[in-house]
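Student: Please work out how this folds:
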Amino acid sequence: MSAPAVARKPVPRGIRHTGPVILAYGFRPFFLAAGIWAVLAMTLWIGALAGGISIGGSYGGAAWHAHEMLFGYSSAALAGFLLTAIPNWTGRLPVSGTPLAVLCAVWLAGRLALIAPDFIGLPAAIAADMAFLPLLLAICLREVIAGRKWRDLKVLAGVAALTVANGAFHALVLWNGDAGLASRLAVSALVMLIAIIGGRVVPSFTRNWLAKRHITTLPAPFGRLDAAALLTGLAALALWVFLPDHLVTGLICLLAGALHLGRLGRWRGWQTGAERLVLVLHVAYAFVPLGFFAIALVPFGWLDAASALHLFTVGAIGLMTLAIMSRATRGHTGMPLTAPITTGISYVLLLTGAVLRPLATVFPDQYSNLVSASGLCWILAFMLYVAEYAPVLLTRRKPRPV
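Tutor: Numbers count the residues shown, from 1 in each chain. Predicted coordinates for the structure are as follows:
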């Protein structure tokens, strides 16, 4: 006679109650690192544009800036999310302690190596940077397979695409090629992750918040429109990676933008205005269709490629990661799930930066001023995150259930 099945217990939040608090859970070191690096990397870039700082050495300042936003900041934010979400998906214990410290050290080594790559030699610096994403992917893949959560493999496909994009970016820089293709691949991977994961968390968090207030008109469940938006978005991004200026790319992106806008409308974000922590998720996701619409304008000459790119990077990626980082930090440390005024100001600052940066190429006479203003908004937004949540990430443990 076979033994009765044992129900899987949920993973206790904040399970590690010994050792440094910062290593108790993946979101702690990586969200803190993402926030600090967002401030430092953008400050260095603004300084380089002003002519007072030299960064990136033989790698090149512009290439360093693009790389560190896409593969430095974003990979840390992504790691913090995945190392916290995957235990929820699989029911397995989170990565913590020494393994987490090693993973953080590998990420940090890449940042230090690339900021002055000639100190150890450009090939060695690139090798140091390239170690992190494959290691993160291997850890996440192990957990998903062990938990038999096969549907979550599509999330890891996005991490794999980001890993390939990182290698391609380095190769193109070394060969004096145009790293734009690799940049578009990285942005596409991150946008698809936002579309997939955001399709879970945005309606879920919205539904929970509305239900607590006894509001009966809730976000629509996943349906055919969602599937069509994801598949069309994937096709549009693939075309954008390889044929960014083609008319067909513009037309498919126009369709993808319309489908994602319709998808967002089904989540009823306009009902969440009383809670910034929920509303910001809808605002951040709105930059996904906005980015598609912007790409659609490029082949017609109505918008330049840089403006379209930054709607995705600063708007969709930057604002969504900041929103998830602040919400997860509060939720996983036992803080109330409501955004205080400081958090709300950080959202407004980053939203302002996301709007200003594309305008820089629309108004070339004000290019430097608008780029600097956008960068300053980015810096201030993440400074507020670090100032508010660093003490929480470093010291506050979630209270044990009684």
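
Student: Only C-alpha atoms from now on, for both contacts and neighbour counts.
Tutor: Noted.

Student: how deep is residue 153 tucked in, by neighbour count?
Tutor: 15 (other Cα atoms under 10 Å).

Student: Need the contact partners of stretch 133-148.
Tutor: Stretch 133-148 is contacted from outside by 75, 79, 82-83, 86-87, 90-92, 103, 150, 152-153, 156, 159-160, 162-163, using Cα atoms under 8 Å, 6 or more residues apart in numbering.

Student: What about those residues, which are in helices?
Tutor: Secondary structure from DSSP state H places 75, 79, 82-83, 86-87, 90, 103, 153, 156, 159-160, 162-163 of the contacts of stretch 133-148 in helices.

Student: what is the mean pLDDT for the helix or strand that residue 361 is a member of?
Tutor: Assessed by DSSP states H and E, residue 361 sits inside helix 341-362. Across helix 341-362, pLDDT averages out at 94.

Student: neighbouring contacts of it?
Tutor: 276-277, 280, 303-304, 306-308, 310-311, 314-315, 318-319, 322-323, 326, 366-371, 373-378, 380-382, 384-385, 388.

Student: Tell me the buried residues in it?
Tutor: Of all the residues in helix 341-362, those buried under the rule 16 or more other Cα atoms under 10 Å are 343-347, 349-361.

Student: The helix or strand just after that helix vs helix 341-362, what angle?
Tutor: Using DSSP H and E, the helix or strand that follows helix 341-362 in sequence is helix 367-395. Using axes from the mean of the first three to the mean of the last three Cα atoms, to 10 degrees, the inter-axis angle of helix 367-395 relative to helix 341-362 is 150 degrees.

Student: Rank the helices and strands of the protein by mean pLDDT and give me the bottom one.
Tutor: None of the helices or strands of the chain scores lower by mean pLDDT, DSSP states H and E than helix 305-310, at a mean of 91.

Student: chain center to that one: distance?
Tutor: 17 Å (Cα atoms, centre = their mean, to the nearest Å).

Student: Look at residue 204 and give its secondary structure.
Tutor: helix (DSSP: H, G, I helix; E, B strand; the rest coil).

Student: mind starting the numbering at 29 from now?
Tutor: I'll keep to 29 as the first residue from here, and by that count the last item is residue 232.

Student: what pLDDT does it get?
Tutor: The model's pLDDT for residue 232 equals 95.

Student: Wait, residue 58 touches residue 100, no?
Tutor: No - applying Cα atoms under 8 Å as the test, residue 58 and residue 100 come out as separate, 10.9 Å apart.

Student: Show me which of the two is the more surrounded one.
Tutor: Counted by other Cα under 10 Å, residue 58 and residue 100 do not tie: residue 58 has more neighbours, with 28 against 25.

Student: mind saving the C-alpha coords of the strand or helix carrying residue 263 as CSV?
Tutor: With secondary structure defined by DSSP H and E, residue 263 is part of helix 252-270. Extracted C-alpha coordinates of helix 252-270, given in CSV (Å, rounded to 0.1, in the frame of the first residue of the first chain):
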residue,chain,number,x,y,z
ARG,A,252,-7.4,34.8,-25.4
LEU,A,253,-6.5,38.5,-25.5
ASP,A,254,-3.7,38.0,-23.1
ALA,A,255,-2.3,35.1,-25.1
ALA,A,256,-2.6,37.1,-28.3
ALA,A,257,-0.8,40.1,-26.8
LEU,A,258,2.1,37.9,-25.6
LEU,A,259,2.5,36.1,-28.9
THR,A,260,2.2,39.2,-31.0
GLY,A,261,4.5,41.1,-28.7
LEU,A,262,7.1,38.3,-29.0
ALA,A,263,6.9,38.5,-32.8
ALA,A,264,7.1,42.3,-32.8
LEU,A,265,10.1,42.3,-30.5
ALA,A,266,11.9,39.7,-32.7
LEU,A,267,11.3,41.8,-35.8
TRP,A,268,12.5,44.9,-33.9
VAL,A,269,15.8,43.1,-32.9
PHE,A,270,16.7,42.2,-36.4
